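In: A predicted structure for the sequence below; I have some questions about it.
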Amino acid sequence: MPSALTPAVDSLLSSAAVRERAGEMLAAAEAGKLTHFSLHLDRLDETAALVAIVIRENYPSLDVPLHARWRHFKMSGDDLWAGIAAKASWPDTAAKARAAFDLAIVSVLLDAGAGPDWRYRDGASGMQVARSEGLAIASLRMFEAGAFSGDPDDPLRADANRLAAFTADDLAAGFQVRESNPLTGLEGRAALIARLGEAALAAPSVFASKDRARPGGLFDHLASNAGGGALPAPEILRSVLHHLGSIWPGRISLDGISLGDTWRHPAIRRNDETNGLIPFHKLSQWLTYSLVEPLQEGGVKVVDFDGLTGLAEYRNGGLFVDAGVIVLRDPSAATRGHEPGSELVVEWRALTIALLDALAPLIRGKLDLDTARFPLGAVLEGGTWAAGRRLANSKRPGGAPPIHVISDGTVF
């Protein structure tokens, strides 16, 4: 992505734009103007009560970490990445941080919904895992084995030249994909990793300032931007969107720039080129949450976590549907698949973000915690994601989401 962005493009590449435009969708819902959903805010307090119960069960001490990919690298209470990292020899803290960045970036980009039939069998533990946790363990094991490294003597890295040559066959082998174990969006995921490698190769000043070109070079770039001070979380997202924007499939473009996870809806009105456009940046924000810990361990203080938004994905969104906060006007829509760019899915995702902002203070009130102690990222982790899964499991076999989105492996 070029360094000089037009004001129209720049206005969409931020968490503030996600929050503002999602709020406009909520206002349209409150006015009864959405085509696909009705809004029932009287159900919000009961939903907050359920989430508070789940948080107390999952984290009795209420010491809840941020919602991040690192939570999914645990099996039976063991922190697999911590164990792997402890056995490695790191020249300095920055080298470890680069490796953690490599792992987080690759793993998050492979984290779009796996589909209901895929499973991963972990050879080390013998355990079988599915969905997001399975994708996490599979990507971790590939990373541990050097599948993303260009140096056989240094497996714990993701080299840009290796990523650029990554194929669907590589991913199928690592993720145990076969006819009886299908993974949604296999080709799309592999192409995303290849474009990640290309993006890192194309910007050596960002990704190769201290080492060979690798996604983990973004750590050095962010650390230098912090300049010894605090780094706001929205600025991390801005760098992710700015420097990795070229990896996303071409959907909507503006001024020659692909806008990534940005979609159209008539409820969003502007008097400029961004009329009708609403960004979500779901995987980019999920990645940003996941970069916080390696940044902090690498000596960079991160602040303003609540400058990010909630994540517009099917667990958080499913919570509001299954709890009756938002209701499909046409119940039969739940029996059909919907494209990510459909009005129905765009409404669902936008309402999810805005309702998470409305739900968070209610949850904090029930836990008697303030924003500083319990930022939105902790609400997600504690939290809304787990409560969404619990409700899904109680309502549908296998815990499928209440609305089926036809995924290409690069959105949810």
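Out: Here it is on my side, so go on.

In: flag the shaky bits of the stretch 101-250 of the chain, pLDDT-wise.
Out: Where the stretch 101-250 of the chain drops to pLDDT under 70, the residues are 250.

In: and the helices in it?
Out: Using DSSP state H, counting those that start in this stretch, the helices of the stretch 101-250 of the chain run over residues 131-144, 160-164, 168-174, 186-202, 204-207, 217-226, 233-244.

In: isn't L44 right up against L362?
Out: Yes - contact criterion C-beta atoms under 8 Å: L44 and L362 qualify, at 6.6 Å. (Glycine included, C-beta is placed from N, CA and C.)

In: need the next SSE after the helix or strand where V292 lies, C-terminal direction.
Out: V292 belongs to helix 282-297 when assigned by DSSP states H and E. Going down the chain from helix 282-297, the next helix or strand is strand 301-303, by DSSP H and E.

In: now the element after that following strand, going C-ward?
Out: By DSSP H and E, the next helix or strand past strand 301-303 is helix 314-322.

In: in PDB, list the C-alpha atoms belonging to that next one.
Out: The C-alpha coordinates for helix 314-322 follow below in PDB (Å, rounded to 0.1, in the frame of the first residue of the first chain):
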ATOM      1  CA  TYR A 314     -19.800 -15.400  14.200                       C
ATOM      2  CA  ARG A 315     -19.300 -16.100  17.900                       C
ATOM      3  CA  ASN A 316     -19.800 -12.600  19.100                       C
ATOM      4  CA  GLY A 317     -22.500 -12.100  16.500                       C
ATOM      5  CA  GLY A 318     -24.100 -15.400  17.300                       C
ATOM      6  CA  LEU A 319     -24.400 -14.300  20.900                       C
ATOM      7  CA  PHE A 320     -26.700 -11.500  20.000                       C
ATOM      8  CA  VAL A 321     -28.800 -13.600  17.700                       C
ATOM      9  CA  ASP A 322     -29.100 -16.500  20.000                       C
END
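
In: tell me which residues are up against it.
Out: With C-beta atoms under 8 Å, 6 or more residues apart in numbering as the test, helix 314-322 has contacts from 47, 51, 113, 310, 326-328, 348-349, 351-352, 355-356, 380, 384-385, 387-389, 391-392, 395, 401-403, 405, 412.

In: go on, stretch 284-294?
Out: With contacts defined as C-beta under 8 Å, 6+ apart, stretch 284-294 is touched by 15, 18, 65-70, 96-97, 100-101, 104-105, 107-109, 111, 218-219, 222, 233, 236-237, 240-241, 244, 260-261, 302, 305, 308-309, 311, 313, 377, 380.

In: how about the closest residue to A392 other than its chain neighbours, what does it touch?
Out: Leaving aside its sequence neighbours, A392 sits nearest to G399 (C-beta to C-beta, 6 or more residues apart in numbering; 4.3 Å). By C-beta under 8 Å, 6+ apart, the contact set of G399 is 389, 392-393.

In: in helices, which of the contacts of helix 314-322 appear?
Out: 47, 51, 348-349, 351-352, 355-356, 385, 387-389, 391-392, 395 (DSSP state H).

In: ok, and the most crowded of those residues?
Out: Using other C-beta atoms under 10 Å as the neighbour test, those are led by T352, with 31 neighbours.
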